[in-house]
Structure formats: structure tokens, C-alpha cells
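> A structural model of the following input is requested.
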Amino acid sequence: MTDTILSHLTYLYGEEAGRQAYDRLGQIMAEYRSLLPPPTPQTLDQRSSVLITYGDMVHEPGSSPKDPPLVALNALLHRHLVGAIDTVHLLPFYPYSSDDGFSVIDYRAVDPALGSWEDITAIGRDFRLMFDAVVNHISAESDWFQAFLRDEAPYDTYFVTVPEGVDVSQVFRPRARPLLTRFATARGVERVWTTFSEDQIDLNFANPEVLLEVMDLLLFYIQKGQPSSAWMPLLSYGRSRTRHVSTCPRRTASFSYSDPCWMKSPPM
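As a prediction, this is how the structure comes out:
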């Protein structure tokens, strides 16, 4: 852990909360240290070749549920693409409720219709892996948001709520749906920030607990990406209807548009 990380956290959350987040982040990293491979240099350059695919794009003819699509994908990769590509970028493979996988119900699970974590690990034995971490929003059907509706800690502060009367008309985004969605909660009706759709609830990164939860999640992905020695996270943020064609992350976290402090640039 570096002073630069501490400086970013205190900038974002204030001195006391930032230092507490720094200490907690150190504890999370220590818990994962023995579970992760040693860091190795990894770069994307003009020699890199990346296959971007959904988990269900390949099916073996006459396949049964015992041969899920991720197994068929691995077979195709080894049959035709060893030496031709070096990296496989798997678009969201989690249980989801809408938007072709981008409304994630459970960040830590593989959709059983696609296969399992073991099937993903098998792909990583011979190819570098890239995952989409859709951490700017989560499904309205997720356990997190359902706990928010019941006003249960810590999820009661995991999402962005906007009081009645607050003008958000100047917020621009390429969407026709309303920016805020009303939900009945144990506290009463709340206006909740939903950038993409009423089923995709924005996470509140103004709360350091959300950042720490997501950092734990990213380390979990790195653990699951083994035995690939060059696992590379791709963080999904505000993607267009044309799915990711870039191998570079757009942002490393999703910040709440409703808090002006996120519009400032952190110290370098």
C-alpha cells in the first residue's frame, strides 16, 4: 500500500474516513495475498490479440446441459485459436435480469446456464482472461438492492437517493428513460438514481463501504482468474449499445453524478 492510495482516499472521503478506508483496504489485500499469484508484467500492445465473446456464443451440436456453452467455447479455442489469439475477454457471465447480462444479480456467481467458475478457470490455463466488472450499477433483483428496500444495513446506503425537489434536469446522458426511479422502501418512497434503466441501480461510491466491497470483488475475480498468470481486469463503465470494442477500461470506478466532489480530479 502506498501513500498515493492514501492520498486519493483522503481526498475522496476526508481525512478520518479516508484513513479508515485505507486501513480496511490493507486488511482486504492481506486476506487475499496468499490466494493470488505473484504479480507479473502484463501489457496490451500491437502484438496482442483479444477474442471478445459472450459466454453463450458457442454451442456444440447436440450438446446437453452437461456440456455448457463455456465448455464448448474452450473446446473451440483449443481446436482453432491456440497461437492465433492470446486473450479471451468474457462479457458478463453472471446471473442477470436484463440488458444482455449488464444488470447483474450476483457479482460472485457464474450463470448456471453458461457453466461454472471451473469452466472459466479451464479457459485461463492457456489464454489470458479478461472479465467485465459491471460495478457502476447492479440489478434491482440483487440481494443488495432488495436489502436496501428493506432498509437493512449496510445496504441502506449502497445506492444514491435524491430528495424531492432536487433539480437533475441538467444531467446529460444518452438515455430516454427517467434518470430517477421511485421505489417503495421500508422508509417510504425513495427516488433512486438509475442511469441506464429502472432495473440497473447505480452504486453509491460516495460511500467508502461500497468502494471496499468492490475492491474485495475485484480481488475475488483475480483469484478466480487463475491459473492465468496474466489476468487483466476490464472494468465496465457506461458502455454504449455497441459492446466493448476497446480493451482499455473507461474508468476504474463509478462515481455518483449527484455529488459534485466526484467531478474534481484527484491529486496525482
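
> Could you tell me how many residues sit around Arg125?
Number of residues near Arg125 (other Cβ atoms under 10 Å) recorded here: 12. Any C-beta I mention is one placed from the backbone N, CA and C, and that applies to glycine too.

> If you could redo that for Ala113, that was the one I meant.
Other residues near Ala113 come to 13 when the count uses other Cβ under 10 Å.

> isn't it right next to Pro68, touching?
Yes - if you go by Cβ atoms under 8 Å, Ala113 and Pro68 touch, sitting 7.3 Å apart.

> what's the average pLDDT for stretch 121-134?
When the per-residue pLDDT values of stretch 121-134 are averaged, the result is 90.

> Pull the residues that contact the helix ranked longest in the chain.
Ranked by residue count and defined by DSSP state H, the top helix of the chain is helix 15-33. When contacts are defined by Cβ atoms under 8 Å, 6 or more residues apart in numbering, helix 15-33 is touched by residues 1, 5-6, 9-13, 208, 211-212, 215-216, 219-220, 222-223.

> For that helix, buried residues please.
Gly18, Ala21, Tyr22, Arg24, Leu25 (16 or more other Cβ atoms under 10 Å).

> what stretches of the protein score poorly on pLDDT?
1, 42, 62-66, 226-268 (pLDDT under 70).

> Please name the nearest non-neighbouring residue to Asp143.
For Asp143, ignoring the flanking residues on the chain, the nearest one in space by Cβ to Cβ, 6 or more residues apart in numbering is Asp106 at 7.4 Å.

> Helix or strand: which one has that neighbour?
Counting by DSSP states H and E, Asp106 is held by no secondary-structure element, helix or strand.

> circling back to that earlier point, send me the longest helix of the chain as PDB with only the CA atoms.
This file holds the C-alpha atoms of helix 15-33, laid out as PDB (Å, rounded to 0.1, in the frame of the first residue of the first chain):
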ATOM      1  CA  GLU A  15      -9.100  12.600   6.500                       C
ATOM      2  CA  GLU A  16     -10.800  10.300   9.000                       C
ATOM      3  CA  ALA A  17     -13.000   8.200   6.700                       C
ATOM      4  CA  GLY A  18     -10.200   8.100   4.100                       C
ATOM      5  CA  ARG A  19      -7.700   6.700   6.600                       C
ATOM      6  CA  GLN A  20     -10.200   4.200   7.800                       C
ATOM      7  CA  ALA A  21     -10.800   3.100   4.300                       C
ATOM      8  CA  TYR A  22      -7.100   2.800   3.700                       C
ATOM      9  CA  ASP A  23      -6.700   0.500   6.800                       C
ATOM     10  CA  ARG A  24      -9.600  -1.600   5.700                       C
ATOM     11  CA  LEU A  25      -8.300  -1.900   2.200                       C
ATOM     12  CA  GLY A  26      -4.900  -3.100   3.600                       C
ATOM     13  CA  GLN A  27      -6.800  -5.800   5.600                       C
ATOM     14  CA  ILE A  28      -8.700  -6.900   2.500                       C
ATOM     15  CA  MET A  29      -5.500  -7.100   0.400                       C
ATOM     16  CA  ALA A  30      -3.700  -9.100   3.200                       C
ATOM     17  CA  GLU A  31      -6.600 -11.600   3.300                       C
ATOM     18  CA  TYR A  32      -6.200 -12.300  -0.500                       C
ATOM     19  CA  ARG A  33      -2.400 -12.200  -0.600                       C
END
